[in-house]
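> here is my input; please provide its structure:
(one chain, ligands or ions: 2)
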Amino acid sequence: MTEIISNLDVTGLSSTELTIDNPIGHDNPPLLTPNINDVTDIPLTQHALQLSDFDVNWEDRLTDIQLDQLVNNGWIIIDDVFKCKALLALQAESGFIDYRDAQLTTGIRVSDIRGDKIRWITPDLFAGYYYLQSINELALTLNRSLFAGIRHSEAHYACYPIGFGYHWHSDNPAGRNERVISAVFYLNDEWATSDGGALEVVDNHGKPHNVMPVANRLIIFDSNLQHQVQIAHRQRYSIATWMRRDGLVPFIEDS
Ligand SMILES: O=C(O)CCC(=O)C(=O)O
Ligand SMILES: [Fe+2]
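Residues are numbered from 1 along each chain as shown. Ligands and ions are numbered 1, 2, ... in the order given. Okay, the predicted model is just below:
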């Protein structure tokens, strides 16, 4: 397995800071690229998005073979998840939001093990909130097929600046078990192997796998599996998502 160099080596470099002048909100929705549809005279914003743009027929997308693989190996990949409009909206939103340094729920800075900047998805986001609702549909499918017992989902956008990764961890730290399934959705177009930033995940049989963070790909895995993000050589955008067995928890304040 690849050993990741500590992020501390690069923490604090001003060149890695992201500056967001005008964070999105309901008064300032991100613009969608004008060629998503034929509207040319009015600038198209994320107000034009609808939940139906994020429709995925999860029952069809998750074949019996994949469900078996998820149970036996602990992980699967689904490619080409969303239609073009939804993907572009998520990509646009991920580039506009106000990121903060990732923190543990206890509020302790963990920049020594992870270098991502995050923004929890709350109802005031546009594309991200529809994404989360689609993930809730996926959770229902997993409950029906695998009796997964998921009761709600949470997700945050993450941006790894150049030179950052995330050390080996499981998504249920310190013996916790609220997270049943982790899912990560990737947003970078044209990600090359030389860009680094692979997600390395150790399956149920102890075998490591490298997953490249390519746009419109969703990796779904058992939250107890060990995994790490190798250092990215390009700014790396994703949505980290967790399906939980406990009831609704309040969103973590990121201010
Ligand atoms: O971005 C990834 O590929 C994984 C991120 C991750 O492991 C996490 O946020 O817990
Ligand atoms: Fe993780």
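
> now what about stretch 64-83, what contacts it?
53-54, 56, 61-62, 87, 90, 134, 145-146, 185, 201, 203-205, 209, 211, 214, 216-222, 225 (CB atoms under 8 Å, 6 or more residues apart in numbering). C-beta here means a position set from N, CA and C on the backbone, and glycine is covered the same way.

> in that stretch, what counts as buried?
Buried residues in stretch 64-83, counted by 16 or more other CB atoms under 10 Å: Gln69, Leu70, Asn73, Gly74, Trp75, Ile76, Ile77, Ile78, Val81, Phe82.

> from the contacts of stretch 64-83, list the buried ones, please.
Using 16+ other CB under 10 Å, the buried members of the contacts of stretch 64-83 are 53-54, 56, 62, 87, 90, 134, 185, 201, 203, 209, 211, 214, 216-222, 225.

> narrow the residues you listed to those in helices?
Leu87, Leu90, Ser134 (DSSP state H).

> hmm, the second one is touching Tyr186, no?
When you say that, I think you mean Leu90. No: between Leu90 and Tyr186 there is no contact under CB atoms under 8 Å: 10.0 Å.

> export the ones in helices among the buried ones among the contacts of stretch 64-83 to CSV and tack on pLDDT and distance to Trp191?
Listed next are these as CSV, based on pLDDT from 0 to 100; distance: CB to CB, whole Å:
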residue, pLDDT, distance to Trp191
Leu87, 94, 14
Leu90, 94, 15
Ser134, 97, 22
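
> and ligand 1, which of those reach it?
Checked against ligand 1 using CB under 6 Å from any ligand atom, these yield no neighbours at all.

> and those, which is closest to ligand 1?
Leu90 (14.2 Å; CB to the nearest ligand atom).

> how much space between the residue nearest to the spatial centre of the chain and ligand 1?
With distances taken as CA atoms, centre = their mean, Ile239 lies nearest the centre of the chain, 1.7 Å away. The gap separating Ile239 from ligand 1 is 9 Å, by CB to the nearest ligand atom, to the nearest Å.

> show me what the residue nearest to that residue when sequence neighbours are not counted is bridged to.
In this structure, Ile239 finds its nearest non-sequential neighbour in Phe185, 4.4 Å apart by CB to CB, 6 or more residues apart in numbering. Bridge pairing for Phe185 (DSSP bridges) gives the partners Leu218, Ile239.
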